[in-house]
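Visitor: predicted model follows, preceded by the sequence.
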Amino acid sequence: MRRKKNITLNLAELAARLRAQVTGAADARDVTLSGICTLEEAGPTKLAFVAGDKYLGRAAASKAAAFLVTQQTVVPERPCLVVEHVWKAGLKALDIWYPDEHAPAGAHPSSVVSPAARLGAGVSVGPLAVIEEGAEIGEGAEIGAQCFVGRDARIGAGSLLHPGVRVLERVRVGRGVILHSGVVLGADGFGYEVIAGRGVKIPQVGTVVIEDEVEIGANTCIDRAFLTETRIGAGTKIDNLVQIAHNCRIGRSCGFAAQVGIAGSTKVGDGCIFWGQAGIKDNLTIGNRVVLMGQSAPTGDVRDGAVLVGSPARPLPEMARIFAAENKLPDMLKRLRALEKKAG
Amino acid sequence: MRRKKNITLNLAELAARLRAQVTGAADARDVTLSGICTLEEAGPTKLAFVAGDKYLGRAAASKAAAFLVTQQTVVPERPCLVVEHVWKAGLKALDIWYPDEHAPAGAHPSSVVSPAARLGAGVSVGPLAVIEEGAEIGEGAEIGAQCFVGRDARIGAGSLLHPGVRVLERVRVGRGVILHSGVVLGADGFGYEVIAGRGVKIPQVGTVVIEDEVEIGANTCIDRAFLTETRIGAGTKIDNLVQIAHNCRIGRSCGFAAQVGIAGSTKVGDGCIFWGQAGIKDNLTIGNRVVLMGQSAPTGDVRDGAVLVGSPARPLPEMARIFAAENKLPDMLKRLRALEKKAG
Amino acid sequence: MRRKKNITLNLAELAARLRAQVTGAADARDVTLSGICTLEEAGPTKLAFVAGDKYLGRAAASKAAAFLVTQQTVVPERPCLVVEHVWKAGLKALDIWYPDEHAPAGAHPSSVVSPAARLGAGVSVGPLAVIEEGAEIGEGAEIGAQCFVGRDARIGAGSLLHPGVRVLERVRVGRGVILHSGVVLGADGFGYEVIAGRGVKIPQVGTVVIEDEVEIGANTCIDRAFLTETRIGAGTKIDNLVQIAHNCRIGRSCGFAAQVGIAGSTKVGDGCIFWGQAGIKDNLTIGNRVVLMGQSAPTGDVRDGAVLVGSPARPLPEMARIFAAENKLPDMLKRLRALEKKAG
């Protein structure tokens, strides 16, 4: 958890910590800084980022005391800290005012930790959390308040479960994973078969595997596979309220925005970006580096690098032409009638 | 919480409490009432509302003992309570049979309340709730069972958190706010930057501010801002499973139906109505009193008072013409071919 | 909960337990089996299912030790167990390697069970669960860790609540129901009326009724009715993150995929299938056996047996023609211009 610290330092001191050069007026180095803010809302003791030249107009109008910039985005006549990479230096600046604090090691007395669970060194278990028998929590992991880690589940070293996460039995979570409040990993996949004319539940006896450095947003659900595993590849980032159904295999370094839904057994490659509310049906194969625009829904397999939009989804340039033509559709109808009249 | 009470009273007594006039047969005042129901399901001891003249047909067919009506909606020859405003009087009637009960003041012995949290007079903390250090709970607020209120978070006076709500560190909730089960306020915004070729998490150190009299539905997520605040304006009502991303600013008195999604940094004016599953992309500005129909998705800024439909969203009358023309599209194609043939 | 068991048996033994016939080479009966897997991932000691002849190609390429098949799907020259119904026999096989284990009867010492709640024989209450006064838990039901069962709520015999379910006051859940983690039953319906120019909350004093054998997926929300009940018919299966609003009446034996949303007071018949992200507006009547494709959204009542697609939803064959014509729309525009030119 990031804790806000009341720290004041001047631009020269900050420059030293970020290995930045100071530009601006002669007394720029003495400017006092008390925190970081956006260009729009920064007051006269705040640092603001200029993460690209498109922000230069907003920077000029900003009341910020100073700016974190590259050579290309120096704000004329204003105190600037010039660095090679704004975000890289910005992360260090954020660490100064909002240091990351590890929860204290040990299990809170109100938590219910099975004696048959194994907790690594430095593990923190928050109040009213439950850790069941056979579960294994890696070194330095933080299990937040009111979390549930089921029987024989595994949480990798250094992972962070915010309050109220549910990791159900046998689910395996890698190292450095972040799970936000309300995440459910390992609920039963939605599987039924018609036997003797009625829908019968097929037990979902597989599991979920979350690889290293994955982050999963609040109230997102990833279902347990029928027999094998539902897998989320390393480094993939998933936003809130996303549904990933049983047996899906998601590649590495993907980014899924909020409310995306992926139906059963679909495979997604590496480096895919799916925008909000996009939906993918079951049993499809989506290539690498595929982009799905918001609310889009492919109806078949998708090749590497495709950028799709619409429902049903089509390639972006094609869909743009269709959308444009749609605007003229009522007019086209009239013109068609006029021609027909003319043609007798 | 509303508790059902077994209360029987006659129409005359109810009329006195609601300051209503009784119409109907001579003995209407003696009709016995045991509760409130819908027109369709009301039995012979139930009161039903007639909230507009479009319900008069259903009222005539209803088995209700009596009706709550205005002068304009009197049900002929049936016992009626005539009032100026059906809903205003109806709320009083609901309070008779389903009085609102405040949970008992004090913290349940199973809750985990930090000695460094401040609880106002009359605050109720339910079983197995967690309130962390520095949190501040205003007078008369109710914190339901298994809720989590994080470090330095603030809950305003008279607010109600149903069981299982998570209000994370530093989030500020106003007065008279209602949060339903599973709400998550203050999970990290979905923010990453590519540094040295890989996606790196940008710490989300801002917060969420919920103004007074807001209501937020079950399992809805409102993310913490990157640096400043995600804000929900006073009196705005949000349904279940809604996503509001980091840095959004939502105006006052809006109503968002279930499964709406609003991406990062978008600004929404006052009095907007978004119907179910509507989606808004990031960094847009939506005016005041904008209506988005279900599943619609504007692609750019939206002016005050616009009514949009479709994905991509267009103004309602334009979209209605397009939808109508679409129905004729296969036929248009044939007619076009016929004309081409004729024209040689 | 299904627990994985390390059991090894040979094909002859398994055949006896499943009442199956063994085919394949002479020594097929001696093949050793250690578990069940998919055709693709089965190793040389695993049984795989061949649930239809479309899987025969994949079966031939599979490394599985043996196959569960019907007369129609025997895999040539491979060890097979021939049964009348693959899924029926398969369920028995799953029970061997993943037997269903009932949680131990009794309330975990960390749970908070009101002395005024009634628990049937064999009921299990997990750690840190809360059961409020007047609640009634039927025989053999399992209430998972950190669940909440509110005042006067009822859970039927043999029902299973996974960790972190919230069943709010007065909600009635039938027998043999499965509720997955994060489900919220009985949050307030989204009901407001404008009184004296401002939106006023209408108390939602009805309830939710879940009939027998229903299954509800993770983080799904079903709201309490205004006055009467929101009802889910027997045998209906609902996936994750679904929204069902107040006053809805859902029929029997329906299946709703993830992220479906149904607005207030809509009635749905029996045997309907709604695919992912489909949305239905309020106050509609949907017939029996209606199929809504993914993301579709009907704009009016729907007759029995209709199959709808798109938003707004249209019958499948009609919509397929429109989708096909849309692809030609930009071209149609050009052809129309050409004709106009020709026609002068």
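Guide: All right, it came through fine.

Visitor: using PDB, list the CA coordinates for stretch A:136-153.
Guide: Provided in PDB are the C-alpha atoms of stretch A:136-153 (Å, rounded to 0.1, in the frame of the first residue of the first chain):
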ATOM      1  CA  GLU A 136       1.200 -22.200   0.500                       C
ATOM      2  CA  ILE A 137       2.000 -18.500   0.700                       C
ATOM      3  CA  GLY A 138       5.400 -17.400  -0.800                       C
ATOM      4  CA  GLU A 139       7.900 -15.200   0.900                       C
ATOM      5  CA  GLY A 140       6.900 -11.700   1.500                       C
ATOM      6  CA  ALA A 141       3.400 -12.000   0.100                       C
ATOM      7  CA  GLU A 142       0.700  -9.900   1.600                       C
ATOM      8  CA  ILE A 143      -2.800 -11.400   2.100                       C
ATOM      9  CA  GLY A 144      -5.200  -8.500   2.800                       C
ATOM     10  CA  ALA A 145      -8.000  -8.300   5.300                       C
ATOM     11  CA  GLN A 146     -10.900 -10.700   4.700                       C
ATOM     12  CA  CYS A 147      -9.200 -12.500   1.900                       C
ATOM     13  CA  PHE A 148      -9.800 -16.200   1.400                       C
ATOM     14  CA  VAL A 149      -7.100 -18.600   0.200                       C
ATOM     15  CA  GLY A 150      -8.500 -22.100  -0.300                       C
ATOM     16  CA  ARG A 151      -7.200 -25.600   0.300                       C
ATOM     17  CA  ASP A 152      -3.900 -26.400  -1.500                       C
ATOM     18  CA  ALA A 153      -3.900 -23.000  -3.300                       C
END
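
Visitor: so how far is that stretch from its chain's centroid?
Guide: Taking Cα atoms, centre = their mean, to the nearest Å, one finds stretch A:136-153 lying 21 Å from the centre of the chain it belongs to.

Visitor: then stretch A:127-134?
Guide: Relative to its chain's centre, stretch A:127-134 lies at 26 Å (Cα atoms, centre = their mean).

Visitor: just want the phi and psi numbers for A:Leu94.
Guide: phi -60, psi -40 (degrees, to the nearest 10).

Visitor: ok, now how distant is it from A:His102?
Guide: Counting by Cβ to Cβ, to the nearest Å, the gap from A:Leu94 to A:His102 is 17 Å. C-beta coordinates here come from the backbone N, C-alpha and C atoms, glycine included.

Visitor: other residues contacting the longest helix anywhere in chain A?
Guide: Criterion DSSP state H: the longest helix present in chain A is helix A:329-343. With contacts defined as Cβ atoms under 8 Å, 6 or more residues apart in numbering or on different chains, helix A:329-343 is touched by A:325, B:321-322, B:324-326, B:328-329, B:332, B:335-336, B:339, B:342-343, C:329, C:332-333, C:336, C:339-340, C:343.

Visitor: hmm, try it at 10 Å
Guide: A:325-326, A:328, B:318, B:320-326, B:328-329, B:331-332, B:335-336, B:338-339, B:342-343, C:326, C:329, C:332-333, C:336-337, C:339-340, C:342-344 (Cβ atoms under 10 Å, 6 or more residues apart in numbering or on different chains).

Visitor: those residues, buried ones only, as a ChimeraX selection?
Guide: Of the contacts of helix A:329-343, the buried ones can be selected in ChimeraX as follows, counting by 16 or more other Cβ atoms under 10 Å in any protein chain shown:
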select /A:325,326,328 /B:321,322,323,325,326,328,329,332,336,339 /C:326,329,332,333,336,339
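
Visitor: quick revisit: ok, A:Leu94 and A:His102, which is more surrounded?
Guide: Of the pair A:Leu94 and A:His102, A:Leu94 is the one with more neighbours under other Cβ atoms under 10 Å in any protein chain shown, namely 21 against 12.
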